[in-house]
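Undergrad: give me a 3D structure for the following:
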Amino acid sequence: MLGLVELLYIVIMLLNKQIGFIGLNYLGICVWKCMWISIIWGIWNHRNRIIFNNAMVDPVKKFVLAQVKAWAWVSYKFPKSNFSYSDWCINVYESLKSLH
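TA: Modelled structure (predicted):
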């Protein structure tokens, strides 16, 4: 059975392979490369809750939370962005392409 870290690593690698950087402008590439910080921070916090508070491992909840945090950060940093949270979840690539 995969652990939380392994599962998220596989998801990140699959997304990276799927999206790559083809067609992204410089800003989109920079945002994509920086999103891992939010994901790693979330994994670390979840790990601490498991170790110190006996929390349960919930990879789906962790993945959704990472999506929400990444979208919130991008929306805050780029207020002129015109994609919704559902657009972000359905097609990250198109959302990143629309940054300016």
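Undergrad: for residue 96, give me its contacts.
TA: 19, 24, 28, 31-32 (Cβ atoms under 8 Å, 6 or more residues apart in numbering). Heads up, the C-betas are built off the backbone N, CA and C, glycines and all.
Undergrad: if we take these, which one ends up nearest to residue 79?
TA: Checking these against residue 79 with Cβ to Cβ, the nearest one is residue 31 at 14.0 Å.
Undergrad: so for stretch 47-67, mean pLDDT?
TA: For stretch 47-67, mean pLDDT rounds to 83.
Undergrad: same deal with stretch 73-84?
TA: Stretch 73-84 comes out at a mean pLDDT of 87.
Undergrad: I'd like to know which elements the longest helix seen in the chain is packed against.
TA: Of all segments of type helix in the chain, defined using DSSP state H, the longest is helix 26-53. Secondary-structure packing of helix 26-53 (3 or more Cβ pairs under 8 Å, 6 or more residues apart in numbering; DSSP states H and E): helix 4-19, helix 59-77, helix 92-97.
Undergrad: helix, strand or coil for the spatially closest residue to residue 75 that is not a sequence neighbour?
TA: Computed as Cβ to Cβ, 6 or more residues apart in numbering, the closest residue to residue 75 that is not its neighbour in sequence is residue 81, at 6.0 Å. Using DSSP: H, G, I helix; E, B strand; the rest coil as the criterion, the local structure at residue 81 reads coil.
Undergrad: OK, contacts around residue 81?
TA: Neighbours of residue 81 in contact, by Cβ under 8 Å, 6+ apart: 74-75, 95, 98-99.
Undergrad: let's see it at 10 Å
TA: Residues in contact with residue 81, defined by Cβ atoms under 10 Å, 6 or more residues apart in numbering, are 31, 71, 74-75, 87-88, 95-96, 98-100.
Undergrad: tell me the buried residues within these.
TA: Among the contacts of residue 81, those classed as buried by 16 or more other Cβ atoms under 10 Å are 31, 71, 74, 88, 95-96, 99.
Undergrad: what's the farthest-apart pair in those?
TA: By the measure Cβ to Cβ, 71 and 99 form the most distant pair in the buried ones among the contacts of residue 81, at 12.3 Å.
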